[in-house]
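Undergrad: Turn this into a model:
(chains A and B)
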Amino acid sequence: LAKTTQPISMDSYEGQEVNITCSHNNIATNDYITWYQQFPSQGPRFIIQGYKTKVTNEVASLFIPADRKSSTLSLPRVSLSDTAVYYCLVGDMRNSGGYQKVTFGTGTKLQVIP
Amino acid sequence: DVKVTQSSRYLVKRTGEKVFLECVQDMDHENMFWYRQDPGLGLRLIYFSYDVKMKEKGDIPEGYSVSREKKERFSLILESASTNQTSMYLCASMGSGTEAFFGQGTRLTVV
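TA: As a prediction, this is how the structure comes out:
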(Lines give C-alpha, C1' and ligand atoms only; values in the text may rest on other atoms or scores of the structure.)
Protein backbone atom coordinates (compact mmCIF):
# COMPACT_ATOMS: atom_id res chain seq x y z
CA LEU A 1 0.00 0.00 0.00
CA ALA A 2 1.20 3.48 -0.82
CA LYS A 3 2.19 5.70 2.07
CA THR A 4 -0.28 8.43 2.87
CA THR A 5 0.06 11.77 4.64
CA GLN A 6 -2.86 13.57 6.27
CA PRO A 7 -3.16 16.49 8.69
CA ILE A 8 -3.19 15.29 12.28
CA SER A 9 -6.20 17.36 13.26
CA MET A 10 -8.75 19.90 12.02
CA ASP A 11 -11.43 22.05 13.63
CA SER A 12 -14.60 23.22 11.94
CA TYR A 13 -17.80 24.98 12.95
CA GLU A 14 -21.14 23.32 12.51
CA GLY A 15 -22.72 23.87 9.11
CA GLN A 16 -19.44 24.42 7.30
CA GLU A 17 -18.01 22.28 4.54
CA VAL A 18 -14.89 20.40 5.60
CA ASN A 19 -12.18 19.29 3.20
CA ILE A 20 -9.53 16.82 4.34
CA THR A 21 -6.64 16.27 1.96
CA CYS A 22 -4.50 13.17 1.76
CA SER A 23 -1.17 12.99 -0.09
CA HIS A 24 -0.14 9.73 -1.73
CA ASN A 25 2.74 10.46 -4.09
CA ASN A 26 3.59 6.79 -4.70
CA ILE A 27 0.13 5.66 -5.72
CA ALA A 28 0.21 2.76 -8.19
CA THR A 29 -1.85 2.33 -11.32
CA ASN A 30 -4.18 -0.26 -9.79
CA ASP A 31 -4.59 1.52 -6.45
CA TYR A 32 -7.91 2.84 -5.22
CA ILE A 33 -8.35 5.56 -2.62
CA THR A 34 -10.58 4.69 0.32
CA TRP A 35 -11.69 6.74 3.31
CA TYR A 36 -12.87 5.44 6.67
CA GLN A 37 -14.48 7.18 9.63
CA GLN A 38 -13.97 6.18 13.25
CA PHE A 39 -15.97 7.35 16.25
CA PRO A 40 -14.57 6.93 19.76
CA SER A 41 -14.79 3.38 21.11
CA GLN A 42 -15.89 1.99 17.75
CA GLY A 43 -14.18 0.32 14.82
CA PRO A 44 -13.67 2.31 11.61
CA ARG A 45 -16.39 2.26 9.01
CA PHE A 46 -16.18 2.73 5.26
CA ILE A 47 -17.21 6.13 3.90
CA ILE A 48 -16.24 6.36 0.26
CA GLN A 49 -13.89 5.02 -2.36
CA GLY A 50 -12.71 6.28 -5.73
CA TYR A 51 -10.17 5.80 -8.49
CA LYS A 52 -10.19 9.12 -10.33
CA THR A 53 -12.12 12.39 -10.77
CA LYS A 54 -15.06 12.71 -8.40
CA VAL A 55 -17.20 10.29 -6.45
CA THR A 56 -20.21 11.31 -4.39
CA ASN A 57 -22.48 9.38 -2.07
CA GLU A 58 -24.99 10.31 0.61
CA VAL A 59 -22.25 10.96 3.15
CA ALA A 60 -19.35 12.63 1.34
CA SER A 61 -17.60 13.51 -1.88
CA LEU A 62 -14.14 12.43 -2.94
CA PHE A 63 -12.12 14.56 -5.32
CA ILE A 64 -9.13 13.03 -7.09
CA PRO A 65 -6.98 15.14 -9.47
CA ALA A 66 -5.69 13.77 -12.74
CA ASP A 67 -2.25 12.84 -11.36
CA ARG A 68 -3.91 10.98 -8.43
CA LYS A 69 -1.10 11.98 -6.07
CA SER A 70 -3.58 13.42 -3.63
CA SER A 71 -7.25 13.23 -2.80
CA THR A 72 -9.71 15.35 -0.87
CA LEU A 73 -12.57 14.10 1.25
CA SER A 74 -15.33 16.68 1.38
CA LEU A 75 -17.99 16.62 4.10
CA PRO A 76 -20.85 19.04 3.38
CA ARG A 77 -22.37 21.04 6.22
CA VAL A 78 -20.83 19.14 9.11
CA SER A 79 -22.65 18.58 12.37
CA LEU A 80 -21.39 17.70 15.83
CA SER A 81 -21.94 14.03 15.03
CA ASP A 82 -19.25 14.23 12.33
CA THR A 83 -16.60 14.62 15.03
CA ALA A 84 -14.41 11.59 14.38
CA VAL A 85 -11.07 10.41 13.03
CA TYR A 86 -10.88 10.09 9.26
CA TYR A 87 -8.43 7.70 7.62
CA CYS A 88 -7.19 7.71 4.05
CA LEU A 89 -6.03 4.40 2.57
CA VAL A 90 -4.49 3.77 -0.80
CA GLY A 91 -4.12 0.34 -2.35
CA ASP A 92 -5.51 -2.32 -4.58
CA MET A 93 -8.25 -3.63 -2.32
CA ARG A 94 -9.81 -5.88 -4.91
CA ASN A 95 -9.48 -9.58 -4.47
CA SER A 96 -7.37 -10.33 -7.52
CA GLY A 97 -6.22 -13.72 -6.39
CA GLY A 98 -3.62 -12.37 -4.05
CA TYR A 99 -4.01 -10.96 -0.59
CA GLN A 100 -4.44 -7.43 0.59
CA LYS A 101 -2.48 -5.95 3.43
CA VAL A 102 -4.79 -3.24 4.63
CA THR A 103 -2.89 -0.69 6.67
CA PHE A 104 -4.11 2.51 8.28
CA GLY A 105 -2.13 5.58 9.22
CA THR A 106 -2.79 7.91 12.12
CA GLY A 107 -5.73 9.63 10.45
CA THR A 108 -7.12 13.15 10.82
CA LYS A 109 -9.00 14.00 13.97
CA LEU A 110 -11.89 16.29 13.03
CA GLN A 111 -13.46 18.32 15.82
CA VAL A 112 -16.74 20.02 14.96
CA ILE A 113 -17.43 23.05 17.13
CA PRO A 114 -20.95 24.31 17.94
CA ASP B 1 -25.53 -6.60 7.12
CA VAL B 2 -22.04 -7.92 7.68
CA LYS B 3 -21.36 -8.69 11.27
CA VAL B 4 -17.93 -8.96 12.85
CA THR B 5 -18.10 -10.05 16.45
CA GLN B 6 -15.29 -9.88 18.96
CA SER B 7 -15.68 -12.15 21.94
CA SER B 8 -15.08 -9.57 24.65
CA ARG B 9 -15.53 -5.82 24.88
CA TYR B 10 -13.31 -5.45 27.94
CA LEU B 11 -10.67 -7.82 29.26
CA VAL B 12 -8.25 -7.65 32.19
CA LYS B 13 -5.37 -10.11 32.30
CA ARG B 14 -2.26 -10.56 34.39
CA THR B 15 1.29 -10.26 33.12
CA GLY B 16 2.51 -13.59 31.77
CA GLU B 17 -0.93 -15.00 31.06
CA LYS B 18 -1.78 -16.49 27.69
CA VAL B 19 -4.59 -14.46 26.18
CA PHE B 20 -6.95 -15.38 23.37
CA LEU B 21 -8.93 -12.75 21.48
CA GLU B 22 -11.59 -14.22 19.24
CA CYS B 23 -13.18 -12.74 16.15
CA VAL B 24 -16.02 -14.21 14.10
CA GLN B 25 -17.49 -12.89 10.86
CA ASP B 26 -20.68 -14.08 9.20
CA MET B 27 -20.14 -13.09 5.57
CA ASP B 28 -17.82 -15.78 4.28
CA HIS B 29 -15.01 -13.25 3.80
CA GLU B 30 -11.60 -14.49 2.74
CA ASN B 31 -9.56 -11.78 4.44
CA MET B 32 -9.40 -11.10 8.15
CA PHE B 33 -7.20 -8.68 10.09
CA TRP B 34 -6.10 -7.88 13.62
CA TYR B 35 -5.10 -4.32 14.57
CA ARG B 36 -4.20 -2.58 17.76
CA GLN B 37 -4.99 1.05 18.36
CA ASP B 38 -3.12 3.29 20.75
CA PRO B 39 -3.47 7.05 21.30
CA GLY B 40 -1.46 9.01 18.77
CA LEU B 41 -0.43 5.91 16.82
CA GLY B 42 -3.56 5.18 14.80
CA LEU B 43 -4.36 1.60 13.82
CA ARG B 44 -1.41 -0.71 13.44
CA LEU B 45 -1.70 -4.04 11.66
CA ILE B 46 -0.59 -7.04 13.73
CA TYR B 47 -1.45 -10.00 11.51
CA PHE B 48 -3.78 -10.79 8.67
CA SER B 49 -5.09 -13.91 6.99
CA TYR B 50 -6.30 -14.38 3.43
CA ASP B 51 -7.51 -17.95 3.74
CA VAL B 52 -7.98 -20.76 6.20
CA LYS B 53 -4.67 -21.72 7.85
CA MET B 54 -2.92 -18.89 5.98
CA LYS B 55 -1.44 -15.96 7.84
CA GLU B 56 0.85 -13.06 7.15
CA LYS B 57 2.68 -10.74 9.50
CA GLY B 58 1.60 -7.17 9.64
CA ASP B 59 3.67 -4.26 10.86
CA ILE B 60 3.91 -5.20 14.55
CA PRO B 61 3.67 -9.01 14.93
CA GLU B 62 6.15 -9.36 17.80
CA GLY B 63 4.61 -10.91 20.89
CA TYR B 64 1.53 -12.11 18.99
CA SER B 65 0.43 -15.13 17.03
CA VAL B 66 -2.79 -15.96 15.19
CA SER B 67 -4.92 -18.92 14.26
CA ARG B 68 -7.38 -19.37 11.41
CA GLU B 69 -8.74 -22.92 11.54
CA LYS B 70 -12.12 -21.99 10.08
CA LYS B 71 -12.96 -19.33 7.54
CA GLU B 72 -15.24 -17.41 9.85
CA ARG B 73 -12.95 -17.29 12.87
CA PHE B 74 -9.64 -15.50 13.36
CA SER B 75 -7.97 -15.65 16.75
CA LEU B 76 -5.25 -13.41 18.12
CA ILE B 77 -3.02 -14.98 20.76
CA LEU B 78 -0.78 -13.20 23.24
CA GLU B 79 1.57 -15.98 24.31
CA SER B 80 2.72 -14.20 27.46
CA ALA B 81 0.89 -10.95 28.04
CA SER B 82 2.91 -7.90 28.97
CA THR B 83 1.85 -4.46 30.16
CA ASN B 84 2.91 -2.89 26.84
CA GLN B 85 0.22 -4.96 25.16
CA THR B 86 -2.48 -3.01 26.97
CA SER B 87 -4.44 -1.58 24.06
CA MET B 88 -7.63 -1.57 22.03
CA TYR B 89 -7.68 -4.53 19.65
CA LEU B 90 -9.78 -4.39 16.51
CA CYS B 91 -10.67 -7.22 14.17
CA ALA B 92 -11.80 -6.69 10.58
CA SER B 93 -12.89 -8.79 7.65
CA MET B 94 -13.01 -8.09 3.94
CA GLY B 95 -14.31 -10.11 1.04
CA SER B 96 -13.89 -9.66 -2.69
CA GLY B 97 -15.23 -6.16 -2.47
CA THR B 98 -13.35 -3.15 -1.34
CA GLU B 99 -14.75 -2.47 2.10
CA ALA B 100 -13.34 -3.71 5.40
CA PHE B 101 -15.84 -4.36 8.20
CA PHE B 102 -14.74 -3.93 11.78
CA GLY B 103 -15.80 -5.37 15.09
CA GLN B 104 -16.49 -3.20 18.13
CA GLY B 105 -13.07 -3.77 19.58
CA THR B 106 -11.66 -5.38 22.71
CA ARG B 107 -10.06 -3.14 25.29
CA LEU B 108 -7.38 -5.26 26.90
CA THR B 109 -5.67 -4.25 30.10
CA VAL B 110 -2.64 -6.20 31.26
CA VAL B 111 -1.81 -5.69 34.92
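Undergrad: any idea how far residue B:78 is from residue A:36?
TA: Summarising the geometry, the distance separating residue B:78 from residue A:36, computed by C-beta to C-beta, to the nearest Å, is 26 Å. C-betas here are computed from N, CA, C, even on glycine.
Undergrad: Residue 34 - how many residues pack around it?
TA: In the absence of a named chain, chain A is used. Counted with other C-beta atoms under 10 Å in any protein chain shown, the neighbours of residue A:34 add up to 22.
Undergrad: looking at chain B here, not the other one
TA: One way to gauge burial is a neighbour count; for residue B:34, by other C-beta under 10 Å, it gives 26.
Undergrad: Check which helix or strand it maps to.
TA: In the assignment (DSSP states H and E), residue B:34 maps to strand B:31-38.
Undergrad: relative to strand B:31-38, how tilted is the very next helix or strand once past that strand?
TA: Per DSSP H and E, the first helix or strand lying C-terminal to strand B:31-38 is strand B:42-51. Going by axes from the mean of the first three to the mean of the last three C-alpha atoms, to 10 degrees, strand B:42-51 is angled at 160 degrees with respect to strand B:31-38.
Undergrad: Looks like residue B:59 contacts residue A:103 (just checking).
TA: Yes - Residue B:59 lies in contact with residue A:103 (C-beta atoms under 8 Å); the separation is 6.6 Å.
Undergrad: what do these two both touch?
TA: Any residue near both residue B:59 and residue A:103 by C-beta atoms under 8 Å, 6 or more residues apart in numbering or on different chains counts here, and that gives residue B:45.
Undergrad: more neighbours, those two?
TA: The neighbour count for residue B:59 versus residue A:103, taken as other C-beta under 10 Å, is higher for residue A:103 (21 against 12).
Undergrad: and that one, what is it in contact with?
TA: For residue A:103, counting by C-beta under 8 Å, 6+ apart, the contacting residues are A:1, A:89, A:91, B:43, B:45, B:58, B:59.
Undergrad: what do you get for residue A:7?
TA: When the contact criterion is C-beta under 8 Å, 6+ apart, the partners of residue A:7 are A:20, A:21, A:108.
Undergrad: And residue A:88, by the same measure?
TA: By C-beta under 8 Å, 6+ apart, residue A:88 lies in contact with A:4, A:6, A:20, A:22, A:24, A:33-35, A:71, A:73, A:105, A:107-108.
Undergrad: Out of these, name the ones that lie in strands.
TA: Assigned to strands by DSSP state E, the following of those qualify: A:20, A:22, A:33, A:34, A:35, A:71, A:73, A:108.
Undergrad: Surely the first one touches residue A:70?
TA: No - counting by C-beta under 8 Å, no contact exists between residue A:20 and residue A:70, whose distance comes to 11.0 Å.
Undergrad: okay, the two: which has more neighbours?
TA: Neighbour count, other C-beta under 10 Å: between residue A:20 and residue A:70, residue A:20 has more, with 21 against 18.
Undergrad: returning to that earlier point: save the contacts of residue A:103 as CSV, and put in pLDDT, secondary structure and distance to residue B:37 too.
TA: Listed next are those as CSV, based on pLDDT from 0 to 100; DSSP: H, G, I helix; E, B strand; the rest coil; distance: C-beta to C-beta, whole Å:
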residue, pLDDT, secondary structure, distance to residue B:37
A:1, 54, coil, 18
A:89, 88, strand, 15
A:91, 78, strand, 19
B:43, 87, strand, 5
B:45, 91, strand, 11
B:58, 90, coil, 13
B:59, 89, coil, 13
